[in-house]
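>>> Just need the structure, nothing else, for what follows:
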Amino acid sequence: MSPDGKIARLLVVDDLEVNRDLLSRRVRRLGHETGFAENGRAALEQLRASHWDMVLLDITMPEMDGYETLRRIKEDPQLNEIPVVMVSAIDEIESVVRCLELGADDYLSKPFNAVILQARIESSLNKKRLADQKQATLQALSRELEIGRRIQQGFLPRQLPLIRNWKIAALCQPARQVGGDFYDALILPGDRLAIVVADVCDKGVGAALYMALFRSLLRAMLIQVSETEATADTLGRGIASLNDYIAIEHGQENMFATMFVGILDPDSGQFSYINAGHEPALLHKRASGKVERLPPTGPAVGMMPGLRHTIATAPFLPGDCLLAFTDGVSEALGDTDAQSEAALLDLLVAGSGEPDALLASVLSRATAGIEGRSRHDDITLLSLQRMA
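Now for the predicted structure:
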């Protein structure tokens, strides 16, 4: 048995049967299994047909020599993690350098010393085992993150509310498997509509956990209202309670969220909102053609206890269209705030006013030119329109 008790499969590649037999006997004495190939072409076929842990590769062979075989192994994504030790009678330094440049893990000259052969084999196999463990860990982590992604997607509304004479659309695209952005839309007592677009600080798993906390607490606080409670009171109480809970119970983590939270009376078009340190939402007034900015009315939520926010209003007239978004959209559209806002204004004014079409246009512009590259931040958008 091998020193660590693990059996490996080694492919011995040499055109001479006597050399293959000698190497195989040495390898089997170490507790490993062996296979044979008489040239590089046959070796590649065997490597692709079944699992191998290592290759002992000669250089001088017919049909395909060791150099070309090594090059093809290291260029093949399915084979390039297999360690290759060159075992050759060519001991010139130029040959050693060439093999190492092509990706060989080690080089052993013939006639070889049995102790050195064992050392080369075990060293390369240990590297392979470490690489396999790393890959298995990464795959397990990827599976866990995928589960987290599906769970996090479940926190977003499966279906947006349907309200007569109003249209609403929203989307959220995390930059990684999970992220800190979220949106929400729900009907409150009295048939009022609440909308939320928020961005928890930081990225990745930590932000995703706090995203779930912020979203669940805010939703629970908003729905616990009576039909007669004033909209301003609902907003103020909900955001204040959320801020104080996060700051007191989780202040040591220094986690906070920027958010745009609004409550709409669909019949009158009266819209009250709090912008807690968030990107200014944009309200396109169709009748006049102007776009109003709905800037912050207070700091981010959760920074410290006792923070309170001003409630602002922005009435919707028929045809008016609101666009709320996170800073991932701004960063994707321009290097400066002015550039990104100008791009959004162009899309908002030039669009048809249909929320779905507007979000598709913004997303297309924001993701243009980044194919094949990782996105830096999450992208979240919500649009609300009062039909003309």
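>>> going forward, measure contacts and count neighbours with C-alpha atoms only.
Noted.
>>> Now Asp76, what are its backbone angles?
Per-residue torsions, Asp76: phi -90, psi 120 (degrees, to the nearest 10).
>>> correction: Leu193
phi -110, psi 130.
>>> Just give me the neighbour total for it.
Counted by other Cα atoms under 10 Å, the residues lying close to Leu193 total 18.
>>> I'd like the distance from it to Phe155, if you could.
18 Å (Cα to Cα, to the nearest Å).
>>> packing partners for the one helix or strand Ala207 maps to?
Assigned by DSSP states H and E, Ala207 belongs to helix 204-223. If contacts are counted by 3 or more Cα pairs under 8 Å, 6 or more residues apart in numbering; DSSP states H and E, helix 204-223 sits against helix 114-155, strand 181-188, strand 192-200, helix 231-249.
>>> what sits up against the shortest one?
Under the contact criterion Cα atoms under 8 Å, 6 or more residues apart in numbering, strand 181-188 has outside partners 156-157, 160-161, 170-172, 174, 193-200, 208, 211, 215, 222-223, 225, 326, 378-382.
>>> ok, back up a step: using CSV, lay out the helices and strands packed on helix 204-223 together with mean pLDDT and distance to Ala360.
Formatted as CSV, the helices and strands packed on helix 204-223 follow (pLDDT from 0 to 100; distance: least, Cα to Cα, whole Å):
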stretch, mean pLDDT, distance to Ala360
helix 114-155, 81, 19
strand 181-188, 93, 16
strand 192-200, 95, 17
helix 231-249, 92, 30
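>>> closest one to Ala281 among those?
Relative to Ala281, the nearest member of the helices and strands packed on helix 204-223 by Cα to Cα is strand 192-200, separated by 9.7 Å.
>>> counting contacts, what elements does that closest one pack onto?
Against strand 192-200 (3+ Cα pairs under 8 Å, 6+ apart) you get strand 181-188, helix 204-223, strand 257-265, strand 379-386.
>>> hmm, who's touching the second one?
Residues lying outside helix 204-223 but in contact with it, judged by Cα under 8 Å, 6+ apart, are 152, 155, 176-182, 184, 188-189, 199-201, 234-235, 238-239, 241-242, 255, 257.
>>> Of the helices and strands packed on strand 192-200, which is nearest Ser124?
Here helix 204-223 is closest among those (Cα to Cα), at 34.9 Å.
>>> got the buried residues for that closest one?
Counting neighbours by 16 or more other Cα atoms under 10 Å, one finds that the buried residues in helix 204-223 are 204-212, 214-215, 217-219, 221-222.
>>> any idea of the mean pLDDT in it?
For helix 204-223, mean pLDDT rounds to 87.
>>> just how off-centre is that helix within its chain?
Once both centres are worked out by Cα atoms, centre = their mean, to the nearest Å, helix 204-223 turns out to sit 19 Å from its chain's centre.
>>> What residues of stretch 49-69 count as buried?
Buried positions in stretch 49-69, judged by neighbour count with 16+ other Cα under 10 Å: 52-61, 64-67, 69.
>>> Which element is encountered next along the chain beyond the lowest-mean-pLDDT helix or strand in the chain?
When the helices and strands of the chain are scored by mean pLDDT, DSSP states H and E, helix 114-155 comes last with a mean of 81. Next along the chain after helix 114-155, taking DSSP H and E as the criterion, comes strand 166-173.
>>> And the contacts of that next one?
With Cα under 8 Å, 6+ apart as the test, strand 166-173 has contacts from 160-161, 181-183, 266, 354-356, 359, 378-387.
>>> now the residues you listed: which count as buried?
The buried subset of the contacts of strand 166-173 - by 16+ other Cα under 10 Å - is 161, 181-183, 266, 354-356, 359, 378-387.
>>> For the contacts of helix 204-223, which PyMOL command selects only the ones that are buried?
Command for PyMOL that selects the buried part of those, burial taken from 16+ other Cα under 10 Å:
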select buried, resi 152+176+177+178+179+180+181+182+184+188+199+200+201+234+235+238+239+241+242+255+257
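>>> burial count for Leu344?
23.
>>> before we move on, what about Ala119?
Neighbours around Ala119, by other Cα under 10 Å: 12.
>>> Please report the distance of it from Val87.
13 Å.
>>> which stretches of the stretch 251-388 of the chain form helices?
In the stretch 251-388 of the chain, the segments counted as helices under DSSP state H, counting those that start in this stretch are 327-333, 337-350, 355-367.
>>> who wins for proximity to Lys128 among the ones you listed?
Of all the helices of the stretch 251-388 of the chain, helix 355-367 sits nearest to Lys128, with 38.4 Å by Cα to Cα.
>>> Please write out the alpha-carbon positions of that closest one in CSV.
The C-alpha trace of helix 355-367 is given here as CSV (Å, rounded to 0.1, in the frame of the first residue of the first chain):
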residue,chain,number,x,y,z
PRO,A,355,-42.7,49.7,-16.7
ASP,A,356,-41.7,46.3,-18.2
ALA,A,357,-40.3,48.0,-21.3
LEU,A,358,-38.5,50.6,-19.2
LEU,A,359,-36.8,48.1,-17.0
ALA,A,360,-35.7,46.0,-20.0
SER,A,361,-34.1,49.1,-21.6
VAL,A,362,-32.3,50.1,-18.4
LEU,A,363,-31.1,46.5,-17.8
SER,A,364,-29.9,46.3,-21.4
ARG,A,365,-27.9,49.5,-21.1
ALA,A,366,-26.5,48.6,-17.7
THR,A,367,-25.2,45.2,-18.8
